[in-house]
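[1] Predicted model and sequence below, questions to follow.
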Amino acid sequence: MDSKEIRRRFLAFFEKRGHTMLPSAPLVPENDPSALFITAGMQPLAPFLMGNPHPGGRRLANVQKCVRTQDIESVGDATHDTFFEMLGNWSLGDYFKEEAIRWSYELLTSTDEGFGLDSRRLYITCFAGDENAPRDEESACVWRSLGIPENRIYYLPVENNWWSPGENGPCGPDTEMFYDITPAGLGELTHEQFLWADDSQQTVEIWNDVFIEYEKRAGKVVGKLAQKNVDTGAGLERLAMVLQKKDNIFDADLFAPIMAELPAGDGRNASVRARRIVADHVRTSVFIATDGVSPSNTSQGYVLRRLLRRAVRFADLLGMPPLSLARIAGCVPHAYADIYPELETSQGAVQELFEKEETLFRKTLHRGMREFKKLSHANISGHDAFLLFSSYGFPFELTAELAREHEIAVDEAGFREELAKHQELSRASTEGKFKGGLAGGSEKELKYHTATHLLHQALADVLGESVRQMGSNINAERLRFDFAHESKLTDEEKQKVEEIVNEKIRENLPVQSVILLREEAEKTGARHFFKEKYGDTVTLYYIGPDLAHAYSKEFCGGPHASRTGELGTLRIVKEEAVSAGLRRIKAVLE
Ligand code: SER
C-alpha cells in the first residue's frame, strides 16, 4: 500500500465517523514566538484542547507536517527522521478512550477500509500510573475487549506513556501501538523482552492515542481540564514502512526516490548512515525552505543552516560532487506531487537557496577543518567553538559532533556565553527546551505574548496603521518588538502607548481564538506578520468580548494568558533604532 493510499484510507475512515478534515498547518508556527517549528499535530490545536470551540466541530482529522530535530543524532537508524507527517484524529471533549482505541484497532487491522495489519503482531503499552493519574486500566480493558491478550499489554511509566508538549498546557496518559516487523514473528514477549525488542527496532511504534484530560503548569500536573480530549498520532513514514514490508523508513516509498539518487555506498554502517542522513536532511530542508525559511544564524534559519551544512559533510563522506544537495532536492517535490503542490512551485527558488548555502559553507569548510584540527589536540574552549562558528560557519552542533568523533569535549556553556555577548541569545540555541508549541511558555512568557498583541495595537492607535510588526522575541524577563516606523518615538507617544495598554489590562478583557479560512481572517482586518506565509486556515487570537468588538486581532498560534487582567503593568524600558525605518521596543510587565 503506497503512502497516498495510507493517507486516503486514514482520512476516509475518520470522515465516515463524523470528523472534519483539516489541512496541515505550516511548519513554522503562525506568529508564535514560543516554538520554532510544529513538532506534533496537537501543537496548532492546543487552544482547542484547552476548551476553545473549534469551527470544525468536536471531531477533527488531519495530516500534519512536523519537524523534530531533538533526535537528530538518531537519524541513520531504521526509523528516525527530522521531518515527518503525522496522521491524527481528534476528539475535543467528545468521544474518549473506548472509541479512540477501537477505531485505531479497526483501522490498523481491517482489510477492507483499513490497513490490514496482523493483530497477532501488535503489542500495546499503557500508562503505569503515578501520583498524578492512576494506572490506565480503562485503556487496557478496551484493548482486552478487542481481543488483545493480557500478556501483550505492558504498563510503562511517565517517561514512556505520558504525552505533554512542554512545561505548560494540555497533557495526559497515552496508549501506544507497536508492530513486530521481524520476518518470523516474535510471538509472546515478557515485559523485558518487549523493551529489548523495541530497543533493537524489531518492533516499531506506529500509533499513539493520547487522552488529554490534564493540565500542566511550570512542569507540574495541576489538575484536570474542563473537557476530556483525544489526540492520536500515527507516523506516516513508519506506517508506510510497515505496510510496504520494509525494515526501515528509507526503503519505503516516501524516501525511496530520494535514496535512488544517492551513490550506493559500500554497504557498511557508516555509509548506510550517511546516505540516510543526506536523504533526511535534504528532505526536511526542502520542506522548511518551502515554508519560507532561509538559512541564517538564528531561529528557524539556524536549524535550516545546520541541516544543510550537516548534509554537506555526509555527502562528502559519500564522495558526492559539490552542489549535489540542490540536485537531490529536486527529487523531493515529485514524491509529494498531489499532496503539497507548493513544493513544486518553490522548487527552483529552493534549489538556488541550497546552492548558495553549500557554496558559502564550502568557502570556509576547508579552512575551518584545518582550524579544528589545530584545536583538537585538547578540549575545545567556548571561545574557540565561537571562533569556528563566527569565522568558519560551523554551527555549534557541527563542532560538537566533530569533537565527539575525536573524543574530546567542547565547552558548550562557554560557547553560549560568547554567543550571548555577540547577539541576543539565539532562539535556536535553546531549541531543545522547546518541545512543542506551548513551549517555552512559562506563565510569564504567556503574559508577555499577550502584552505584545496589546502593544502592537496600541502602537497602531498612536502612530498610525502604517506600523508593521517586523519581529518579536519574548523571554520570561521582557518582550521585544520590532516594527517599521520612520522616526524616534516622542516621550508623549511612548506614554500614550503605555497608557492604552495598561487601560486594556485594567479592563480585564478575555483572550480568545478562532480558526478561520485565511481570506475570512484577512477580512476581519486582523494584524499579521507580513513576512510570514500562512496556510489555508489560520488561527486568529482576539482580545475583547467577541471578534466584532475586539480591541486586538492577530493571526497567531498562541498560547496566551486567558485574560488581560493577569498581565500586571506594562512599562516601556527602551525605544531605539535597529536600522533605518526599523524601531525596537523593549518592555517589561511589573
Ligand atoms: N501528540 C502525540 C504524539 O505526537 C499524538 O499525536 O505522539
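    Yes, it's here. Residues are numbered from 1 along each chain as shown.
[2] Stretch 224-242 and the ligand in contact?
    Yes: using C-beta under 6 Å from any ligand atom, stretch 224-242 reaches the ligand at 231-233. Bear in mind the C-beta positions are built from the backbone N, C-alpha and C, glycine included.
[3] Now that stretch: buried residues?
    225, 227-242 (16 or more other C-beta atoms under 10 Å).
[4] quick one on the thing from earlier: now tabulate the residues of stretch 224-242 next to the ligand in TSV and tack on pLDDT and secondary structure.
    Listed next are the residues of stretch 224-242 next to the ligand as TSV, based on pLDDT from 0 to 100; DSSP: H, G, I helix; E, B strand; the rest coil:
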residue	pLDDT	secondary structure
Asp231	98	strand
Thr232	98	strand
Gly233	97	strand
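[5] Return the closest of those with respect to the ligand.
    Gly233 (2.3 Å; C-beta to the nearest ligand atom).
[6] Quick check: bridge partners of that closest one?
    Beta-bridge partners of Gly233, counted by DSSP bridges, are Asn208.
[7] for the ligand, what are the nearby residues on the stretch 101-250 of the chain?
    Going by C-beta under 6 Å from any ligand atom, the residues of the stretch 101-250 of the chain near the ligand are 163, 208, 210, 231-233.
[8] Out of those residues, give me the two with the largest separation.
    Trp163 and Thr232 (10.4 Å; C-beta to C-beta).
[9] How much space separates Leu516 from the ligand?
    24 Å (C-beta to the nearest ligand atom, to the nearest Å).
[10] And that residue, which helix or strand is it part of?
    strand 511-517 (DSSP states H and E).
[11] Next, report how far that strand is displaced from the centre of its chain.
    Here the centre of strand 511-517 is set off from its chain's centre by 20 Å, with C-alpha atoms, centre = their mean, to the nearest Å.
[12] Now do the buried residues in that strand.
    Under 16+ other C-beta under 10 Å, the buried positions of strand 511-517 are 511-516.
[13] circling back to that earlier point, I'd like the residues of stretch 224-242 next to the ligand as TSV, with distance to Ala550 appended.
    Shown next, in TSV, are the residues of stretch 224-242 next to the ligand (distance: C-beta to C-beta, whole Å):
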residue	distance to Ala550
Asp231	28
Thr232	33
Gly233	33
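[14] Quick check: the gap between the spatially most distant residue from the centre of the chain and the ligand.
    Distance from the C-alpha centroid of the chain, by C-alpha atoms, centre = their mean, peaks at Glu492 (41.5 Å). Shown here: Glu492 relative to the ligand, a distance of 49 Å by C-beta to the nearest ligand atom.
[15] For the helix or strand where that residue lies, which residues meet the burial criterion?
    Using DSSP H and E, Glu492 maps to helix 491-506. Neighbour counts over helix 491-506 (16+ other C-beta under 10 Å) mark 493-494, 496-498, 500-502, 504-505 as buried.
[16] And the strands in the stretch 451-590 of the chain?
    Remark: strands assigned in the stretch 451-590 of the chain by DSSP state E, counting those that start in this stretch are 468-474, 479-484, 511-517, 537-543, 552-555, 570-579, 582-589.
[17] re the thing from before, which neighbours do Trp163 and Thr232 have in common?
    By C-beta atoms under 8 Å, 6 or more residues apart in numbering, Trp163 and Thr232 have these common neighbours: 208, 210.
[18] What count of nearby residues applies to Asn269?
    Neighbours of Asn269 under the rule other C-beta atoms under 10 Å: 9.
[19] do Val221 as well
    18.
[20] sec struct for it, please.
    strand (DSSP: H, G, I helix; E, B strand; the rest coil).
[21] wait, it sits on Cys171?
    Yes: using C-beta atoms under 8 Å, Val221 makes contact with Cys171 at a distance of 7.1 Å.
[22] joint contacts of these two?
    Joint contacts of Val221 and Cys171 (C-beta under 8 Å, 6+ apart) are 214-215.
[23] for the strands of the stretch 451-590 of the chain, which one ends up most surrounded?
    strand 537-543 (a mean of 25; mean count of other C-beta atoms under 10 Å).
[24] now for it, which elements pack on it?
    helix 443-463, strand 511-517, helix 518-523, strand 552-555 (3 or more C-beta pairs under 8 Å, 6 or more residues apart in numbering; DSSP states H and E).
[25] Return the residues in contact with Cys341.
    Careful, residue 341 is Pro and not Cys. Counted by C-beta under 8 Å, 6+ apart, Pro341 has zero contacts.
[26] Let's see that with 10 Å instead.
    Pro333 (C-beta atoms under 10 Å, 6 or more residues apart in numbering).
[27] Same check on Leu186?
    Contacts of Leu186 by C-beta under 10 Å, 6+ apart are 121, 123, 180, 193-194, 197, 202-203.
[28] Backbone torsions only: list them for it.
    Backbone geometry at Leu186, expressed as degrees, to the nearest 10, gives phi -90, psi -20.
[29] What distance do you get for it to Lys4?
    In this structure, Leu186 and Lys4 are 30 Å apart, going by C-beta to C-beta, to the nearest Å.
[30] And for Ile572?
    53 Å.
[31] swap in Thr20?
    In terms of C-beta to C-beta, Thr20 sits 21 Å off from Lys4.
[32] what do you get for Leu236?
    10 Å.
[33] Identify the residue nearest the residue in the stretch 251-400 of the chain positioned nearest to the ligand in space, chain neighbours excluded?
    The stretch 251-400 of the chain approaches the ligand most closely through Thr284 (16.9 Å), counting by C-beta to the nearest ligand atom. Closest residue to Thr284 apart from its sequence neighbours, by C-beta to C-beta, 6 or more residues apart in numbering: Phe83 at 3.8 Å.
[34] Tell me the bridge partners for the one you found.
    Bridge pairing for Phe83 - DSSP bridges - gives Val67.
[35] mind listing what it touches?
    Here Phe83 is in contact with 27, 37, 65-69, 237, 254, 280-281, 283-288, 307, 332 (C-beta under 10 Å, 6+ apart).
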